[in-house]
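Peer 1: Please find the sequence and the predicted model below.
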Amino acid sequence: MGKAKKISVQGSEITIVKRDEEHFISLTNMVSGFEDGSALIEKWLRNKNTIEFIGIWEQINNPSFNSPEFEGIKNQAGLNRFTLSAKKWINATNAIGITAKTGRYGGTYAHSDIAFEFGSWLSPEFKLYLIKEFKRLIKDENKKLEWDFQRTLSKVNYKIHTDAIKENLIPNLLSGKQTSIIYANEADVLNISLFGKTAKQWREENPTEKGNIRDVASIQQLVVLSNLESINAMLIHQDSSQKDRLVQLNKMAITQMKSLVENSTIKKLEDE
């Protein structure tokens, strides 16, 4: 499973992990604030309606589900002697919707579809708060994906940009130190065009900040920076002087930033 994340629901800290892009919620954490605790999970699993629900979920989502074993378990449900644990259910039916996890975030986990059903059984109020916090987590994840995409796009265009510098501005047989100076100089053409200052000036103004000027950029600035890198590479190939490029890039940065600041989609993304 992927990296664990946590949400807080009515005072209980609940762990959520991802497996194959699906979210699994800790049932063990969900019952931590209820009387009888973990015993509630097995009590819920013994319920015939529960077995029918998780069995149908597996038939829809799990091509390797052992349906004959499921039918046998369902037929026994309701008998006084009938018991069912998560481990027994998994081993008997090859289920994937419920899983047992060991280690730091150990316990019984269930796919979000199943966890919400369990939440209904525990408390309708608890379920509603669980869904609310889960949705907030998904929204935050999507926002981070959008941010990561823009950072990746910026890095790709930076490679195009530096290749153009290597081909057109760096003479043969330069030392590594000379090369780095030219790269830094060209990077600051973009920094000045967009941010109005060089990377060094930003560091001097922000001595306690970690990272660099681009790490604190807004989503709009990252979009424009990505565009400027491509445009600068094209201008370099056209033998445009650095001074002329700086003027053109600055005008483009102003125009594009004005447009993006008023972009309703990006505004909504930043407000979430």
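Peer 2: Received, thanks. Numbers count the residues shown, from 1 in each chain.

Peer 1: In a helix, residue 14, correct?
Peer 2: No - Residue 14 is assigned strand when assessed by DSSP: H, G, I helix; E, B strand; the rest coil, not a helix.

Peer 1: Pull up the gap between it and residue 28, please.
Peer 2: Using Cβ to Cβ, to the nearest Å, one gets 9 Å for the distance from residue 14 to residue 28. From N, CA and C alone the C-beta is placed, and that goes for glycine too.

Peer 1: Show me where the stretch 151-272 of the chain dips below the pLDDT cut-off.
Peer 2: Using pLDDT under 70 as the threshold, the predicted model of the stretch 151-272 of the chain has low-confidence ranges 151-184, 260-272.

Peer 1: Now do the strands in it.
Peer 2: Chain-ordered strands for the stretch 151-272 of the chain, with DSSP state E, counting those that start in this stretch as the definition, do not occur.

Peer 1: what about the helices in it?
Peer 2: Counting by DSSP state H, counting those that start in this stretch, one finds helices in the stretch 151-272 of the chain at the ranges 176-195, 199-205, 219-237, 242-261, 264-271.

Peer 1: Residue 101: which of those helices is closest?
Peer 2: Between residue 101 and the helices of the stretch 151-272 of the chain, the shortest separation by Cβ to Cβ is 32.9 Å, and it involves helix 264-271.

Peer 1: if you compare the helices of the stretch 151-272 of the chain, which one is most tucked away?
Peer 2: helix 219-237 (a mean of 20; mean count of other Cβ atoms under 10 Å).

Peer 1: the inter-axis angle of that one versus helix 242-261?
Peer 2: For helix 219-237 against helix 242-261, the angle between stretch directions is 150 degrees (axes from the mean of the first three to the mean of the last three Cα atoms, to 10 degrees).

Peer 1: same for helix 219-237, what does it pack against?
Peer 2: Where contact means 3 or more Cβ pairs under 8 Å, 6 or more residues apart in numbering; DSSP states H and E, helix 219-237 is packed against helix 124-168, helix 176-195, helix 242-261, helix 264-271.

Peer 1: Which one, of the helices of the stretch 151-272 of the chain, ends up nearest to residue 4?
Peer 2: Taking Cβ to Cβ as the criterion, helix 264-271 is the member of those that comes nearest to residue 4, at 25.3 Å.

Peer 1: residue contacts, residue 252?
Peer 2: Residue 252 is in contact with 193, 224, 227-228, 231, counting by Cβ atoms under 8 Å, 6 or more residues apart in numbering.

Peer 1: want to throw those into JSON lines with distance to residue 36?
Peer 2: Converted to JSON lines, the contacts of residue 252 look like this (distance: Cβ to Cβ, whole Å):
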{"residue": "193", "distance to residue 36": "64"}
{"residue": "224", "distance to residue 36": "57"}
{"residue": "227", "distance to residue 36": "59"}
{"residue": "228", "distance to residue 36": "61"}
{"residue": "231", "distance to residue 36": "65"}
